[in-house]
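Enquirer: Show me the folded form of this:
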Amino acid sequence: MEFKIISKSGVKTGNTGAKLAGLLKPGSLVLLDGDLGAGKTVFVQGICRGLGVKEHVTSPTFALINTYNGVFPGSGDPARIVHCDAYRLNSLEDLYDAGFFDFGEDAVLICEWSENVYGSKKPSGCIFVNIVRRDDISANYREIYISAEGGEGELSENAFR
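Expert: Alright, predicted model coming up:
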């Protein structure tokens with residue numbers, strides 16, 4: 001199932017990410033695509049805020065991977081967030097070599113520019129987010145498409161209202 005959320009500001013884009021955080025669990029994989037400046041990092045900042053991260057969240061464009069510590073909403077269990085920017089990567093092997101999967105099954109893995117390493121074939125069980133800039137409508141207008149590949153059962157459009 002795929003659904004679309006309209007965002008007319010960075011605040012709304014971040015808040016959508018924060019709402020997604022409430023659906024994540026240890027081992028969740030979130031893949032993000034979208035043009036340069038679409039708001040992928042703003043969305044990730046929202047996820048991290050929703051997971052209780054206190055640190056400033058930045059794009060790991062040059063470091064490739066940033067890690068953060070937070071807590072899962074509801075349970076209060078510790079959450080480790082692994083945030084990768086795959087803009088400069090070319091394959092899934094590059095993602096493995098960068099150490100993205102070395103943080104264990106208990107981490108929430110978030111990958112920006114996932115099309116560079118996964119192409120159009122997304123792994124089963126991931127949450128896929130595609131943010132589309134609509135500058136033809138306004139400078140801040142975004143269409144955020146969210147889908148679960150292979151079944152994140154609680155993922156529904158109602159969670160984002």
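
Enquirer: Mind listing what's buried along stretch 6-22?
Expert: Neighbour-count burial for stretch 6-22 flags 7, 12-21 (criterion: 16 or more other C-beta atoms under 10 Å). For glycine as for every other residue, the C-beta is placed from the backbone atoms N, C-alpha and C.

Enquirer: how about it as PDB, C-alpha atoms only?
Expert: Extracted C-alpha coordinates of stretch 6-22, given in PDB (Å, rounded to 0.1, in the frame of the first residue of the first chain):
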ATOM      1  CA  ILE A   6       1.000  16.800   1.000                       C
ATOM      2  CA  SER A   7       3.600  19.100   2.800                       C
ATOM      3  CA  LYS A   8       3.600  22.800   2.300                       C
ATOM      4  CA  SER A   9       6.500  23.400   4.700                       C
ATOM      5  CA  GLY A  10       9.700  22.000   6.200                       C
ATOM      6  CA  VAL A  11       7.800  21.800   9.500                       C
ATOM      7  CA  LYS A  12       5.100  19.600   8.000                       C
ATOM      8  CA  THR A  13       7.800  17.400   6.400                       C
ATOM      9  CA  GLY A  14       9.600  17.000   9.700                       C
ATOM     10  CA  ASN A  15       6.400  16.300  11.600                       C
ATOM     11  CA  THR A  16       5.500  13.600   9.100                       C
ATOM     12  CA  GLY A  17       8.900  12.000   9.900                       C
ATOM     13  CA  ALA A  18       8.200  12.300  13.600                       C
ATOM     14  CA  LYS A  19       4.800  10.500  13.100                       C
ATOM     15  CA  LEU A  20       6.600   7.700  11.200                       C
ATOM     16  CA  ALA A  21       8.900   7.300  14.200                       C
ATOM     17  CA  GLY A  22       6.000   6.100  16.300                       C
END
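
Enquirer: And the average pLDDT for that stretch is what?
Expert: Averaging pLDDT along stretch 6-22 yields 96.

Enquirer: How about residues contacting that stretch?
Expert: Here stretch 6-22 makes contact (C-beta atoms under 8 Å, 6 or more residues apart in numbering) with 5, 30, 39, 42-51, 73-74, 127, 129, 131, 138, 140-144, 146, 159-160.

Enquirer: All set now, cheers.
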